[in-house]
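>>> Following is a predicted model, sequence given first.
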There are 2 protein chains.
Amino acid sequence: MSRKSNESNRFSPFAQWNRALSIRSQNRSSANSTSFPSSNSHHRKPFSFPSLRSPTFSQPDLSKRLSRLLKSSSSLISHHESAAKERISIATQLSEWGEATQDDSVSDISDKIGVLLSEIGEQEDNYAHALDDARGALKVIRNTERSVQPTRDGKRKIADEIAKVKSKEPQSTRLVVLEQELVRAEAEGLVAEAQLSNVTRQKLKEAYQAEFLATIERADKQIILARHGLRLLELLDDTPVVPGDVKAAYAHAGQARQILNDAEDDLREWRPNGLLEEEDSKVSASEAIKGERHQVVGNGKGKEVDRGSMTETVVNVGNGTAAAN
Amino acid sequence: MSRKSNESNRFSPFAQWNRALSIRSQNRSSANSTSFPSSNSHHRKPFSFPSLRSPTFSQPDLSKRLSRLLKSSSSLISHHESAAKERISIATQLSEWGEATQDDSVSDISDKIGVLLSEIGEQEDNYAHALDDARGALKVIRNTERSVQPTRDGKRKIADEIAKVKSKEPQSTRLVVLEQELVRAEAEGLVAEAQLSNVTRQKLKEAYQAEFLATIERADKQIILARHGLRLLELLDDTPVVPGDVKAAYAHAGQARQILNDAEDDLREWRPNGLLEEEDSKVSASEAIKGERHQVVGNGKGKEVDRGSMTETVVNVGNGTAAAN
C-alpha cells in the first residue's frame, strides 16, 4: 500500500464512497421492493466492487467460514493494540524531544501534546478490548454451528441407510427401526436448526452492536482529545524570528495546563449518545440505538413476549460455548 | 496486553483519565502562573504516570531523538494500514458467511454491514496516509537539526583552538585569523539556530495540526458509518423461534438499502468542522481551529507581519529537506 498523500481525496466529499451496495441487493429490490427506487442513483458513482462476495459460492462446513473470520478479527485486534502501544511510546518520545530542544514553548507544548497523544493511545487500546468482547459473541455462533453439524450429518446418514435398505431388501424389518430413528433425528434437527437460527441472529446483532458502539466511543473520545490538542497548538507562537532576536518568553503554561484539565473534564463527562444518567452498558447500548436520529420503527416488537423453553435452550447453548475459542 | 473485558472501565466516566499533566508543568505553574490553581484537583485521581519523561535527562545529538520518533511513527502507520486491510477482509468474509447461512435476513444484513465495515476500513487507511503526511513535517525538523549540528561543532572547534593557541603561543598571528573565523562561525550559528527554532515551531505545529485534523476526520466518518450500522442491525429480527416454526419472511431489503444510501449521502456531505464551502484543506485546517468551541484568543497575531529574509531561508530549508527520509 503506497503512502503517498491522498489529501485531496480526503478533503473532497465526492471521492469518498466507492463501495458497493452489493449486486444481490439490487436484484432483490426489483423483485420484492418497489418502495425504494434508486432515486439517488443519478448522483452516485458506479461501485468499485460489484459485490463483497466471490461469484462462485459453495457451502463447506459452515463453521469454517466463521473460524476464518474469527482469526482475521484476532489479527485486527492485535493491530489496534500495537497501534495503541506505539502511540503511547511516541507520546513519551515527543515530550522528551521537546525538552531537549531547550525552547520553553516547544518543551511545554510538546509535553502536553504528548499527554493527549498518550490518552488517544489509551482509547485505541480500549477499542481493541471492545472488539475482542464483540468477537466473543461471534464465537458463540461458530460453536453452535459446530455443534449442529453432527445432527445434520446423522440425519443424512439415516436417510441414506433407508434408501439403501429399501432398494436391496424392501421387506426388511430394519426399515421400521430406521424410519423411527429418522423421525427422532428430524426432531433433533428441527431443534438444532432453530437453536442455530436464534443464536445466529441474536449474537450477530449483539456482536456488531458492540463493535459499532465501541467505534463511536473511540471516535467521540478521540475527537475530544484532538480538539483540545488543536487548542494547545494555538499556544505555540510560530512567527519566524530573525537571527539574533530574542523570542518572546513563553507565557502560556497556565493556559496549556487548563486545556489538559478541560480535556480531562470533557472525557469524564462523555456518555454514550442518547444516554444521560444510566451507568449500565447494556442499557446504554439499546438507548443509544433508540436515540439514533434515523430510528427505524417497528422492530422492537416481540422482545418481551413469552419465549418458551426454546429460548432457554438457546441461551444455554450460547453461554455454554462462549468460553471456548 | 491482556484482552479481558474492561467494559466497566470503558463505560465508567470516572476511570478514564489517569494520565499525567506532567510533573514539570506543575513545578512551573507554582513559579510563574498563579492564575490557574488546581481548582479541580479535589475530584481528580492521582496520576498513574508522574511524567512522560524519564527522570534522568541527557542531550545527545538532537536529531537522534526525532529519528527514533520518526521510526516509531512509521510503525504506527503500518499498524493502522494493517488494521485497515484486515477490516476490509473481514467485511468480505462476514458477507460471504451471511450468504452461507441461507437465512435471508442474516444474509442481507451481513452483506450490508460488510459494506459499512469495508468503508470503515477505507477510513482507517485514509487516516494512515494522513499520519504519513504529518510525519513529513517532523522529518523537516529532524533534517534541520542534522544540518545545524556541523555549525555548532565548527564553532566549538574554533573556540577550542583559540583557547589552545592562547595558552601555548599567546602572541601568535594565527589568533587574529582564528578570532575572525570565530566571529563568522558565530554569525553562521545565529542564523542556524534561528532557522532551527523557526522550523521546529512551524513544523511541529503543522505536523500535529494535521494529525489532530485527521483524527477528527476519521472519527467523524466512522461515527457516521457506525450509526447507520446500528440502524441496519435494528432490521434484524432476533425474536427467538421455537422448533418447526417458520420465521417471518424478510421484508426489509429496501430499508436496508436505503440505510446504505443514507450513509453514502452523509459521508459525501461531511465537511471539516467549522468549514462549510471551502475546498482548500489548508484553509479548512485553520478554520476548523478557529471554529473550535474553547477558542483561545490572542494567538493569531503576527502571522501577517513582515517576515523578512529569514523566513525565506527557513522556508527553503524546510522544502529542501522535506523529501529525504
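Yep, it's here.
>>> and the closest residue in space to A:Ala207 that isn't next to it in sequence, what does it touch?
Ranked by Cβ to Cβ, 6 or more residues apart in numbering or on different chains and with sequence neighbours excluded, the top spatial neighbour of A:Ala207 is A:Ala137, at 3.8 Å. From N, CA and C alone the C-beta is placed, and that goes for glycine too. Under the criterion of Cβ atoms under 8 Å, 6 or more residues apart in numbering or on different chains, the neighbours of A:Ala137 are A:203-204, A:206-207, A:210.
>>> try A:Ala134
A:206-208, A:210-211, A:214.
>>> What is the subsequent helix or strand relative to the longest helix along chain A?
In chain A, ranked by residue count with DSSP state H as the criterion, the top helix is helix A:104-168. Toward the C-terminus, helix A:104-168 is succeeded by helix A:174-234 as the next helix or strand (DSSP states H and E).
>>> Three-state assignment for A:Ala251, please.
coil (DSSP: H, G, I helix; E, B strand; the rest coil).
>>> now A:Pro240
When the structure is split into helix, strand and coil by three-state DSSP, A:Pro240 lands in coil.
>>> Just want the phi and psi numbers for it.
Main-chain torsions, A:Pro240, degrees, to the nearest 10: phi -60, psi 140.
>>> Report the separation between A:Glu217 and B:Trp97.
26 Å (Cβ to Cβ, to the nearest Å).
>>> re earlier: kindly calculate the angle that the longest helix of chain A makes with helix A:174-234.
With axes from the mean of the first three to the mean of the last three Cα atoms, to 10 degrees defining the directions, helix A:104-168 sits at 170 degrees from helix A:174-234.
>>> you'd agree A:Ile120 is up against A:Leu225?
Yes. Judged on Cβ atoms under 8 Å, A:Ile120 makes contact with A:Leu225 at a distance of 5.1 Å.
>>> Need the residues touching each of those two.
Common contact partners of A:Ile120 and A:Leu225 (Cβ under 8 Å, 6+ apart): B:Thr215.
>>> where does the residue nearest to A:Glu81 when sequence neighbours are not counted land on pLDDT?
Nearest in space to A:Glu81, with sequence neighbours left out and distances taken as Cβ to Cβ, 6+ apart, is A:Ala128 at 4.5 Å. Per-residue confidence (pLDDT) for A:Ala128: 98.
>>> Can you give me the buried ones in the helix or strand hosting A:Gly254?
With secondary structure defined by DSSP H and E, A:Gly254 is part of helix A:253-269. By neighbour count, with 16 or more other Cβ atoms under 10 Å in any protein chain shown as the criterion, the buried positions of helix A:253-269 are A:253-264, A:266-267.
>>> Out of those, which comes closest to chain B?
Within those, proximity to chain B (Cβ to the nearest Cβ) peaks at A:Gly254, which comes in at 3.5 Å.
>>> coming back round to it: okay, A:Glu217 and B:Trp97: which has more neighbours?
Taking A:Glu217 and B:Trp97 together and counting by other Cβ atoms under 10 Å in any protein chain shown, B:Trp97 has the greater number of neighbours (27 against 24).
>>> Could you count how many residues lie near the closest residue in space to A:Asp266 that isn't next to it in sequence?
By the measure of Cβ to Cβ, 6+ apart, the closest residue to A:Asp266 outside its immediate chain neighbours is A:Ile224, 4.6 Å from it. Burial measure for A:Ile224: 24 neighbouring residues, criterion other Cβ under 10 Å.
>>> Relative to A:Leu69, how far out is A:Ile224?
From A:Ile224 over to A:Leu69 the distance is 32 Å, taken as Cβ to Cβ.
>>> And A:Lys155, by the same measure?
Applying Cβ to Cβ to A:Lys155 and A:Leu69 gives a distance of 27 Å.
>>> Looking at the two, which is more packed in?
For A:Lys155 and A:Leu69, the more surrounded residue by other Cβ under 10 Å is A:Leu69, and the numbers stand at 22 against 19.
>>> hang on, isn't that one packed against B:Gly98?
No. With contact defined as Cβ under 8 Å, A:Leu69 and B:Gly98 do not form a contacting pair (10.4 Å).
>>> For A:Glu169, what are phi and psi?
Taking degrees, to the nearest 10 as the convention, A:Glu169 sits at phi -140, psi 80.
>>> What is the burial count for it?
A:Glu169 - counted by other Cβ under 10 Å - has 11 other residues nearby.
>>> now swap in A:Ser172 and tell me
If you count neighbours by other Cβ under 10 Å, A:Ser172 ends up with 12.
>>> Can you give me the distance of it to A:Lys166?
8 Å.
>>> Please name the residues that touch A:Ile113.
Under the criterion of Cβ under 8 Å, 6+ apart, the contact partners of A:Ile113 comprise A:91, A:94-95, A:229, A:232-233, B:208.
>>> one more time with 6 Å
Under the criterion of Cβ atoms under 6 Å, 6 or more residues apart in numbering or on different chains, the neighbours of A:Ile113 are A:232, B:208.
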